[in-house]
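Novice: Generate coordinates for the sequence data below:
(chains A, B and C)
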Amino acid sequence: MKNLSTKEYLDTFNKGAFQVSLINWFKSSQRTLPWRADKDPYKIWVSEIMLQQTQVDTVIPYFNNFIEQFPTPIALAEAEEQDVLKAWEGLGYYSRARNLQAAVREVKESYHGKVPEDKDQLSALKGIGPYTLGAIMSIAFEQAEPAVDGNVMRVLARILNINEDIAKPRTRKLFELIVREIIASHDPSSFNQGLMELGALVCRPKNPKCDHCPVQEYCQANTLAIQGMLPVKTKAKKQKKLSYYTFVIENNKGELLVEKRPDNGLLASLWQFPMIETKGVDMNMIPAFIEATFHTNVLTIKQLAPVRHVFSHLIWQMDVYAIKVDQLPQIAANQLMLISNQLSDYPFPVPHQRIINMLV
DNA sequence: AAGTCGGGGCT
DNA sequence: AGCCCAGACTT
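Specialist: Numbers count the residues shown, from 1 in each chain, chains lettered A, B, ... in the order given. Next up is the predicted model:
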């Protein structure tokens, strides 16, 4: 049972009946979500970007605030990048925000601020990949395009007993071919959203609620009682651990030293307290290091609670020190001295937000 | 194809 | 502790 063709997977599949059951279930059981209030393609777009690798309950407050601040593509195009990142603060994958703003600037310049309905024009916009393209085309524009995300692959892997590795890029293409065969051309929006909603509410990764599934009778995994075996997915590698000394440096005016991260790479363009890798640096060298770097005198040094933060592919272990100095004559171009109540004007990643919370 | 890019929720 | 999540981009 490996590497079947699209047609073979669908050999005994009752497409029409499946569509009716799925769409009827979606229309009666869908959650009320803010991006479902209307069919504004911009709002659909923003929601789909935010929902990448991010749970619905996490996105809701960010989406509401974002649309209030940036209600149209033009408004977002004309905003300051730091304000956009501040609205994205804590949501993660910050290049999504950067790419989204670059894309609406393209929409403003090339399409008079109107989200294009053309598939190729939409696909060319930054941050719109295969999934998001299909989601916008089907949900906002009623076009029969596949929108294959993790939910769809899990649901269809179980229904059609597909045991190919969903971590492989080419497996997503197989699912796109299958969806092209079975999508309901009269209501592609409800069909695609129905697959995803089913994955989120019923056909969950663990403990799927098969007894309440509207398409149970079409599901091979249910018939064979192998729901727990599907989908097949190879394991991710373990995260690399990185240890840092992190410095909350306060001068004699009560100002704190913060710095802006580079505009590419991890947590690009966000702000942080200065950090250095602990590797090979003894904690006893910290005062001398601070004094040599900033040409200042260390008055007091106090260790705060350590902060541990897990990313997808690495782990930060931060030893945090609050350091009082008399003054800071030398700071770099990417650094600022701020009083504590100014910190909320700048976007900080979560591990540094935790430090800010320890200061009050 | 593999690596990079966040953060939270669930078990 | 590990896995999951309405993935896209870079190399």
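Novice: and stretch A:239-252, which residues are buried?
Specialist: Going by neighbour count (16 or more other C-beta atoms under 10 Å), the buried part of stretch A:239-252 is A:242, A:244-251. (C-beta placed from N, C-alpha, C; glycine too.)
Novice: out of those, who's nearest residue A:328?
Specialist: Relative to residue A:328, the closest of the buried residues of stretch A:239-252 is residue A:251; by C-beta to C-beta it sits at 5.2 Å.
Novice: returning to what we had before: how about JSON lines for the buried residues of stretch A:239-252, with pLDDT and distance to residue A:97 added?
Specialist: Output for the buried residues of stretch A:239-252, formatted as JSON lines (pLDDT from 0 to 100; distance: C-beta to C-beta, whole Å):
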{"residue": "A:242", "pLDDT": "95", "distance to residue A:97": "24"}
{"residue": "A:244", "pLDDT": "96", "distance to residue A:97": "25"}
{"residue": "A:245", "pLDDT": "97", "distance to residue A:97": "29"}
{"residue": "A:246", "pLDDT": "97", "distance to residue A:97": "24"}
{"residue": "A:247", "pLDDT": "97", "distance to residue A:97": "27"}
{"residue": "A:248", "pLDDT": "97", "distance to residue A:97": "26"}
{"residue": "A:249", "pLDDT": "97", "distance to residue A:97": "28"}
{"residue": "A:250", "pLDDT": "97", "distance to residue A:97": "30"}
{"residue": "A:251", "pLDDT": "95", "distance to residue A:97": "32"}
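Novice: And these, which is closest to DNA strand B?
Specialist: Within these, the smallest distance to DNA strand B is 10.5 Å, found for residue A:242 (C-beta to the nearest atom of the strand).
Novice: from memory the closest one sits against residue A:310, does it?
Specialist: No - with contact defined as C-beta atoms under 8 Å, residue A:242 does not reach residue A:310; the gap is 11.4 Å.
Novice: Contact residues of the stretch 51-200 of chain A facing DNA strand C?
Specialist: The stretch 51-200 of chain A comes close to DNA strand C at residues A:51-56, A:93, A:95, A:99, A:126-133, A:135, A:149-151, A:154, A:193, A:196-197, A:199-200, as judged by C-beta under 7 Å from any atom of the strand.
Novice: Around residue A:147, how many other residues sit close by?
Specialist: Applying other C-beta atoms under 10 Å, we find 27 residues neighbouring residue A:147.
Novice: Could I get the contacting residues of it?
Specialist: Taking C-beta atoms under 8 Å, 6 or more residues apart in numbering, we find residue A:147 in contact with A:131-135, A:137-139, A:179, A:192, A:196.
Novice: ok and the residue in the stretch 251-360 of chain A nearest DNA strand C?
Specialist: Among residues of the stretch 251-360 of chain A, the one nearest DNA strand C by C-beta to the nearest atom of the strand turns out to be residue A:312. It sits 6.2 Å away.
Novice: Which pLDDT value goes with that residue?
Specialist: Looking at residue A:312, its pLDDT is 90.
Novice: Skip the chain neighbours and tell me the closest residue to it.
Specialist: Excluding its sequence neighbours, the residue lying closest to residue A:312 (C-beta to C-beta, 6 or more residues apart in numbering) is residue A:239, at 7.4 Å.
Novice: Help me confirm that the one you found comes into contact with residue A:315.
Specialist: Yes - between residue A:239 and residue A:315 there is a contact under C-beta under 8 Å: 4.8 Å.
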